[in-house]
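sequence-free structure coming up:
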Ligand code: ADP
Ligand code: MG
């Protein structure tokens, strides 16, 4: 049989290959920024529209492309960066495969204007789906401007595969950070839908990190440095006090190229051993300078793994470099290591006047008004697994007064009367109370927050600021009065009554990280995630005794919630015992 096999038309082959290199708008951004860096640009301007779906435009002031090379640049395997296989072992540029522009041009409408300093005029080249549709001379500045429009216009499947704009924008920012951090001698200006998203002037590495991650990070960097025959290592680790469960920056660069390396990451984790609370992650920016013949960069362009010849030696070197730095800065495990700050919040915030003067925004706010007209939506929160029989029984509990209350050990309140008694898990009860208060607040749009005498500024990363903008409304409804001051700074002017002053910073930054982690934050689910998160962080611990007044208040508040059997995390809040069943046990 013959005639079954045929060569794919070039255009189709390009589209398939493009899928490997260009998976999403962020991949285009990566490739174009890398090209500009390779072209020795010192200033890059990026314009993004609709998270890169409709436009990604990059203007650089690099060496430009000669008119006769313009079309060639868009052909597969056309590159100015290597000439032979031998060049591969000394490749210092980001690109060398000559694939990116060909791939991008096959799945988008591309307009490139470029001029070298040796030419009077620049050249404009328009390509659509891989076909050149226009080429002409044009007045232009030295450098290259490339606009990629309507990405995936001819591959709808891939377009549909993209995530929300917010997510895609995050991916883009991630790529930009990976390139901007090791190249602090290049200025980056990033605009999204005409708004400035990032402004990174030329400066030191510390300055760059501050501009991306906020000033809090800058003041908590410990420098690391070592020089051996295998590699030169330098960079920063974050002080252990800044460790977080998630979202801490973790960056490895080899010869200014971002890489991932689980094995070397482990070296860092082990250097931090004993210094971080359980499950917390350190933050780091580690730069390796390694002779190009000792690493294999000929990896797939979308992959970030790099093979080192002497990785087994590198592991202990990295570990001891970091240990040394932590040692110099005399960072030793804190004495009260097991004391989780989130557990030390007293339950009694209502009577707490630690932050005078308290100026309630809504002096007529009454939590009981809401409780009286529990709306239907709120009723729906009672979990389905509570049977109607149980419901009845529980309503009975509510109506019974429990005059006697005591704790035998921390965490559990015993309440009883002549015929029965219940045991309440204080932390879960408090979680339920806080959760319900927050849900009521976001539904009724009533704000109850205390104004701070001195507004508090919180340093954020650019990504956290983006998340903040998205959640502005809900956060205000919960009681965090705030405004965004810059791309890395927010100001808090008021906080909910149940949030202690000293926790505001921690709570907001953790919350933003959590939101960045959740994909579904734009919907109603976002409010619930937020209320759950805050109730978990702010609820009283089970490690402490409550005084009598606190116990009473907690029990009363619990029974004014429409749901008091299950916590927001679907865990039992209370257990009931009948006197009769107790008597039976003694028979
Ligand atoms: P690679 O970067 O692997 O060489 P690309 O497809 O990304 O492949 O680019 C092809 C060629 O086009 C590059 O080798 C370079 O000569 C030229 N080029 C691309 N972008 C620019 C730019 N911004 N400035 C100057 N030259 C560029
Ligand atoms: Mg390239």
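Received, thanks. Quantities reported herein were computed from a predicted structural model and do not represent experimental measurements. Numbers count the residues shown, from 1 in each chain. Ligands and ions are numbered 1, 2, ... in the order given.

spatially nearest residue to residue 149 (excluding sequence neighbours)?
Excluding its sequence neighbours, the residue lying closest to residue 149 (CB to CB, 6 or more residues apart in numbering) is residue 109, at 4.4 Å. Yep, even glycine has a C-beta here, placed from its N, CA and C like the rest.

what's the spacing between the one you found and ligand 2?
19 Å (CB to the ion, to the nearest Å).

and that residue, what are its bridge partners?
For residue 109, the beta-bridge partners are residue 128, residue 149 (DSSP bridges).

need the contact list for the residue of the chain found nearest ligand 2.
Nearest to ligand 2, among the residues of the chain, is residue 95, at 2.7 Å (CB to the ion). Shown in contact with residue 95 (CB atoms under 8 Å, 6 or more residues apart in numbering): 31, 34, 35, 38, 79, 81, 301.

recalculate using a threshold of 10 Å.
Contacts for residue 95 (CB atoms under 10 Å, 6 or more residues apart in numbering) come out as 31, 34, 35, 37, 38, 79, 80, 81, 82, 101, 301.

can you report phi and psi for it?
Dihedral angles of residue 95 (phi, psi; degrees, to the nearest 10) stand at phi -100, psi 160.

roughly how far apart are it and residue 252?
20 Å (CB to CB, to the nearest Å).

please apply the same query to residue 473.
Separation of residue 473 from residue 252 (CB to CB): 38 Å.

with neighbour numbers in mind, choose between the two.
Taking other CB atoms under 10 Å, residue 473 and residue 252 do not tie; residue 252 has more neighbours (21 against 12).

just give me the neighbour total for the residue nearest to residue 149.
18.

and residue 570, helix, strand or coil?
With DSSP: H, G, I helix; E, B strand; the rest coil as the basis, residue 570 sits in coil.

what's the neighbour count on it?
Residues within reach of residue 570, counting by other CB under 10 Å, total 8.

tell me the pLDDT at it?
pLDDT recorded at residue 570 is 89.

let me see the contact set for residue 161.
23, 24, 152, 155.

for residue 552, state which of those is nearest.
Taking CB to CB as the measure, residue 24 is the one of the contacts of residue 161 closest to residue 552, at 55.7 Å.

list the contacts of that closest one.
30, 51-53, 151-152, 158-159, 161-163, 167-168, 171-172, 175.

show me what from the stretch 101-250 of the chain comes close to ligand 1.
Proximity of the stretch 101-250 of the chain to ligand 1 (CB under 6 Å from any ligand atom) is limited to residues 101, 144.

for the stretch 101-250 of the chain, what spans make up the helices?
Here the stretch 101-250 of the chain has its helices, by DSSP state H, counting those that start in this stretch, at 156-160, 165-180, 205-213, 215-218.

mind putting the ones you listed into a markdown table with mean neighbour count, distance to residue 119 and mean pLDDT?
Formatted as a markdown table, those follow (neighbours: other CB atoms under 10 Å; distance: least, CB to CB, whole Å; pLDDT from 0 to 100):
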| stretch | mean neighbour count | distance to residue 119 | mean pLDDT |
| --- | --- | --- | --- |
| helix 156-160 | 11 | 36 | 85 |
| helix 165-180 | 20 | 28 | 94 |
| helix 205-213 | 21 | 33 | 94 |
| helix 215-218 | 19 | 42 | 82 |
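
picking up where we left off before, the residue nearest to residue 149 reaches residue 150, doesn't it?
Yes - counting by CB atoms under 10 Å, residue 150 is a contact partner of residue 109 at 5.5 Å.

who touches both of those two?
Common contact partners of residue 109 and residue 150 (CB under 10 Å, 6+ apart): 55, 128.

ok so, going back, show me the two of the contacts of residue 161 that sit farthest apart.
Spatially, the most separated pair among the contacts of residue 161 is 24 and 155, at 12.1 Å (CB to CB).
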